[in-house]
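Undergrad: just need the structure, nothing else, for what follows:
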Amino acid sequence: MNVLEFPLKILTLCGCWQPKSWTSIYKHTLYQIYTFLIILIVNTFTLSQLMDIILIVDNTDDFCNNFCILLPMIITCFKLFSLLANRKNIIEMTEILTKEPCKPLKANEIEIHYKFDKGIELNTFHYTAMCLITWISITFTSLMTNFGERKLTFRAWVPFEYSSTTIFCLLYVHQLLGLIVGALLNAACDGVICGLLVHICSQFEILTYRLRKIILYSDGVRNCVQQHCSIFRFAFLVNTKFRIIITIQFLMSMFEICFNLYQISMSKLDAKCIRLALFMSCMLVEVFVYCWYGNEVKLKSLQFADKVFEMEWLTLDKNLKKCLIIMMTRTLKSIEITSAYTISMDLDSFVGVLKTSYSAYNLLQQMNE
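TA: A predicted model of the protein is given here:
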């Protein structure tokens, strides 16, 4: 049974997920070299942006132009290293889903699992497509405007002259490669984390189905209690291992949305404005997806008690009723995925991000006046 197959394939392409079948020393070494090259491309691109702000930028427009691409690349670097560090944790989480008591066994349970897994695949595909469209539009407009004038796609500081055609082309390709890797890496990382959240919802659906059929098999109560405990343990692991990524994503996204709004309001309707709008759309979707699925997990955990109430209580024995009451009591406190240990990932938080970004945008507007 496959879990998060599509997001992990994109991570493999981004150098963050060595296929399990690559067990030979030759393939392992080859992939390690590939990972090193990806790290080098992404980090040198980000560093060139940062050094440009520190050493060269001397006005507001140049700062905003650079900052709008620097923020997503900082997030990308952080996600890259976090994914490499959390490989074993991701494997552990996927194994929880593929082993009993969480493993779907009956036909209806397998159908529920694949329904949610298909949703993960579609969402990851759509967001990846959105990121690729943004990259293609940036590349196309840059080739039509910047390349002919011997300008790089993005502002950058490099410790050497790039007046020669060869060096300029290499730097130009380096920036586009850094951008496409960053786009794919963000899409895949978000697909993995949100996919794990979706599987929490999937497990609650499977558990609800099993509770309805609990009278049909003798060891059903024990399995349901074990699965219920596993769901909370699984949610705790997801929250603990990816809390920092989510926190960084929220903070950086607020700044990015704010600066993009400011840039769009100050620019004419041209290629630059379209690029900024696409960037901001990707950021908004990214934050919204986290908040949406965090909210879904919270609702599913709260609704579980209602599902238990819908059972035929009069037909159940005393011990079974006690087990169900204990499970219901546990769900009185919902599962909450948090960032910065305090901010719950739900739709209210998404509205809060928008309000904070707009407030910061208004402040920038007043300072500019």
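
Undergrad: please count neighbours and contacts with C-alpha atoms only from this point.
TA: Fine.

Undergrad: after the strand or helix carrying Asn108 comes which helix or strand?
TA: Secondary structure assignment for Asn108, by DSSP states H and E: helix 107-145. Using DSSP H and E, the helix or strand that follows helix 107-145 towards the C-terminus is helix 165-212.

Undergrad: where does the protein have its least confident helix or strand?
TA: Lowest by mean pLDDT, DSSP states H and E among the helices and strands of the chain is helix 347-368, with a mean of 73.

Undergrad: so what does the helix holding Asn108 touch, helix or strand wise?
TA: Packing contacts for helix 107-145, counted by 3 or more Cα pairs under 8 Å, 6 or more residues apart in numbering; DSSP states H and E, involve helix 5-13, helix 165-212, helix 271-309.

Undergrad: check which helices and strands the helix or strand that the second one is followed by sits against.
TA: When you say that, I think you mean helix 165-212. Using DSSP H and E, the next helix or strand after helix 165-212 towards the C-terminus is helix 220-266. Contacts defined by 3+ Cα pairs under 8 Å, 6+ apart place helix 220-266 against helix 60-85, helix 87-98, helix 165-212, helix 271-309, helix 318-330, strand 338-339, helix 347-368.

Undergrad: quick one: low-confidence ranges for the stretch 251-369 of the chain?
TA: Within the stretch 251-369 of the chain, the segments meeting pLDDT under 70 span 267, 269-271, 312-316, 340-341, 361, 363-369.

Undergrad: at 90 instead, please
TA: Within the stretch 251-369 of the chain, the segments meeting pLDDT under 90 span 251-291, 293-369.

Undergrad: could you do the stretch 1-150 of the chain as well?
TA: Applying pLDDT under 90 to the stretch 1-150 of the chain picks out residues 1-6, 14-28, 52-72, 75, 86-89, 91-120, 123, 130-131, 133-150.

Undergrad: hmm, try it at 80
TA: Within the stretch 1-150 of the chain, the ranges that satisfy pLDDT under 80 run 1-2, 59-62, 64-65, 146-148.

Undergrad: how about the helices and strands packed on helix 220-266, which one is nearest Thr240?
TA: Nearest to Thr240, of all the helices and strands packed on helix 220-266, is strand 338-339, at 9.0 Å by Cα to Cα.

Undergrad: quick check, Lys103 in contact with Leu97.
TA: Yes. Contact between Lys103 and Leu97 holds when scored by Cα atoms under 8 Å: they sit 5.6 Å apart.

Undergrad: those two - which one has more neighbours?
TA: Taking other Cα atoms under 10 Å, Lys103 and Leu97 do not tie; Leu97 has more neighbours (24 against 18).

Undergrad: for the more buried one, which residues are in contact?
TA: Val3, Lys103 (Cα atoms under 8 Å, 6 or more residues apart in numbering).

Undergrad: got the contact list for the spatially closest residue to Val289 that is not a sequence neighbour?
TA: Of all residues not flanking Val289 in the chain, Cys194 sits nearest, at 7.4 Å (Cα to Cα, 6 or more residues apart in numbering). Taking Cα under 8 Å, 6+ apart as the criterion, Cys194 is in contact with Ile120, Val289, Tyr290, Tyr293.

Undergrad: any idea how many residues pack against the last one?
TA: Other residues near Tyr293 number 23, with proximity taken as other Cα under 10 Å.

Undergrad: spit out the contact partners of it.
TA: Each residue near Tyr293 by Cα under 8 Å, 6+ apart is listed here: Cys194, Leu197, Val198, Asp346.

Undergrad: between these, which is closest to Gly15?
TA: For the contacts of Tyr293, the nearest to Gly15 is Cys194 (20.0 Å; Cα to Cα).
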